[in-house]
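*Asks:* Using only what follows, build the 3D model:
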Amino acid sequence: MKISFLVTYYNQEKYVKSSIDSILAINKPCEWEILIGDDGSDDRTVDIVKEYISKYPDNIKLFIMPREKDKKYLPIKRASANRINLLEQATGDYFCTLDGDDFYFDENFVADALQVFGKHKNASAVCYGYADYSDGTYKQEHTLTETLGFSPVNKDVYLSRYYIHAGACVHKVPDSDTIKRIKELGYFDDNDILINSIQFGEMFYIDRCIYAYRQEGDGIFTGVSKLERSLLNTLTYDVENALTNDSFNNLIFQRYFGDILKTFLLRKKIKSTLGNEKFAMYLALGEDFPNSLYFSIMNYNNINKSAQTEMFRLLIKGAASKSIQYIKSPFLKH
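*Replies:* The predicted model follows:
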């Protein structure tokens, strides 16, 4: 049995020590490896990583993505490509993802997760809570308080209403065909990782926090405006809809409906709010999904009337379903 830690960096020299040290401190009752993907950093990130490799040459490997100077990249796609490459290189049976500016603060979560996997062969992810972290202090904790012990999480309830950071989970490594599909899709970010895992098996939850999620304001998601977050979540709907089987479609739509609706209502103001350059960047994100909801909203004025009407009907249907969900929510079993 082996576990792979997939760690991604880009110009995060001040966080390298805390992130890698947090992995080294974990009780690992099996073989282990730390695969580090650097996105072409030009600070001391790589130098510091190499210092760790010199101490653990059999366990730590570094993969550097080429980066052209002065070329503008789409951060979410670069981060996904970095992480997908590490997943391809992983030799473990299970994996964890760690964003370079985050860290673990629980030494026993891997051992406990492996026990769950050993007892429940249908488990595909064992998850924990996480805590926001900024200015050297742990802030709000995020847990699934309605779920007790090791019981499988009701995936319908989770998908429609809840969020756990994928870094706070131990995942079963997917098969080669799934990895190939993820690579072709080109997106493998936080929500995508966990939702991909739980389509193939049960999601188990252990009720304690183990992952520190930095809120320094410079991340792909934390460093953007509320409008941009809605855009990214609307895109995430398309990604996860393409990534998962059809049975998840309606649940994922409900999960992101609020942001989808906001993106639609603000569609006429997106370009003026973002500016031409940033709008072009977000528009390019949708080019991978030419028939997607995200791309259609971003190009609303360029699609025909029947397509506009169909989109409007979809949103009305989504609003009605959301209202029914809220009415039924007190009666849902967790």
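*Asks:* which residues does the closest residue to Asp288 other than its chain neighbours contact?
*Replies:* Distances taken as Cβ to Cβ, 6 or more residues apart in numbering place Gly186 nearest to Asp288, at 6.2 Å, with adjacent residues excluded. All C-beta spots, glycine's among them, are computed from the backbone N, C-alpha and C. Listed by Cβ atoms under 8 Å, 6 or more residues apart in numbering, the contact set of Gly186 reads Lys77, Ser80, Ala81, Ile84, Asp288.
*Asks:* For the residues you listed, give me JSON lines that also has distance to Leu159 and neighbour count.
*Replies:* Shown next, in JSON lines, are the contacts of Gly186 (distance: Cβ to Cβ, whole Å; neighbours: other Cβ atoms under 10 Å):
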{"residue": "Lys77", "distance to Leu159": "24", "neighbour count": "16"}
{"residue": "Ser80", "distance to Leu159": "21", "neighbour count": "23"}
{"residue": "Ala81", "distance to Leu159": "26", "neighbour count": "20"}
{"residue": "Ile84", "distance to Leu159": "23", "neighbour count": "20"}
{"residue": "Asp288", "distance to Leu159": "23", "neighbour count": "18"}
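*Asks:* tell me the least confident of the residues you listed?
*Replies:* Minimum pLDDT for the contacts of Gly186 is recorded at Asp288 (76).
*Asks:* what about the closest residue to Tyr104 other than its chain neighbours, how many neighbours?
*Replies:* The shortest distance from Tyr104 to any non-neighbouring residue, by Cβ to Cβ, 6+ apart, is to Ser22 (4.2 Å). Applying other Cβ atoms under 10 Å, we find 20 residues neighbouring Ser22.
*Asks:* Please confirm that Ser22 is located within a helix.
*Replies:* Yes: membership of Ser22 in a helix is supported by DSSP: H, G, I helix; E, B strand; the rest coil.
*Asks:* surely it meets Phe103?
*Replies:* Yes: counting by Cβ atoms under 8 Å, Phe103 is a contact partner of Ser22 at 3.9 Å.
*Asks:* Tell me where the stretch 1-150 of the chain has helices.
*Replies:* Listed in chain order, the helices of the stretch 1-150 of the chain (DSSP state H, counting those that start in this stretch) span 13-24, 45-55, 75-89, 109-119.
*Asks:* In TSV, list these along with distance to Glu31.
*Replies:* Shown next, in TSV, are the helices of the stretch 1-150 of the chain (distance: least, Cβ to Cβ, whole Å):
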stretch	distance to Glu31
helix 13-24	14
helix 45-55	17
helix 75-89	15
helix 109-119	12
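*Asks:* And those: which comes nearest Asp132?
*Replies:* For the helices of the stretch 1-150 of the chain, distance to Asp132 was read as Cβ to Cβ. The smallest value, 15.5 Å, belongs to helix 13-24.
*Asks:* sorry, back to before: just the helices of the stretch 1-150 of the chain: most buried one?
*Replies:* Highest mean neighbour count of the helices of the stretch 1-150 of the chain: helix 75-89, a mean of 20 (counted as mean count of other Cβ atoms under 10 Å).
*Asks:* what's it packed up against?
*Replies:* When contacts are defined as 3 or more Cβ pairs under 8 Å, 6 or more residues apart in numbering; DSSP states H and E, helix 75-89 packs onto strand 2-9, strand 31-38, strand 60-64, helix 176-185.
*Asks:* Make CSV out of the ones you listed and add distance to Gly167.
*Replies:* As requested, these are exported to CSV (distance: least, Cβ to Cβ, whole Å):
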stretch, distance to Gly167
strand 2-9, 10
strand 31-38, 14
strand 60-64, 18
helix 176-185, 17
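*Asks:* and among those, the most buried is which?
*Replies:* Ranked by mean neighbour count, the helices and strands packed on helix 75-89 are led by strand 2-9 with a mean of 24 (mean count of other Cβ under 10 Å).
*Asks:* quick check: angle from that one to helix 45-55?
*Replies:* In terms of direction (axes from the mean of the first three to the mean of the last three Cα atoms, to 10 degrees), strand 2-9 departs from helix 45-55 by 150 degrees.
*Asks:* which other helices and strands contact strand 2-9?
*Replies:* With contacts taken as 3+ Cβ pairs under 8 Å, 6+ apart, strand 2-9 sits against helix 13-24, strand 31-38, helix 75-89, strand 94-99.
*Asks:* Extract the C-alpha set from the last one and format it as CSV.
*Replies:* Read that as strand 94-99. Below are the C-alpha coordinates for strand 94-99, written out as CSV (Å, rounded to 0.1, in the frame of the first residue of the first chain):
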residue,chain,number,x,y,z
TYR,A,94,-4.3,6.7,-2.6
PHE,A,95,-3.5,10.4,-3.0
CYS,A,96,-3.8,13.7,-1.3
THR,A,97,-3.6,17.1,-2.9
LEU,A,98,-2.0,20.1,-1.2
ASP,A,99,-2.0,23.6,-2.6
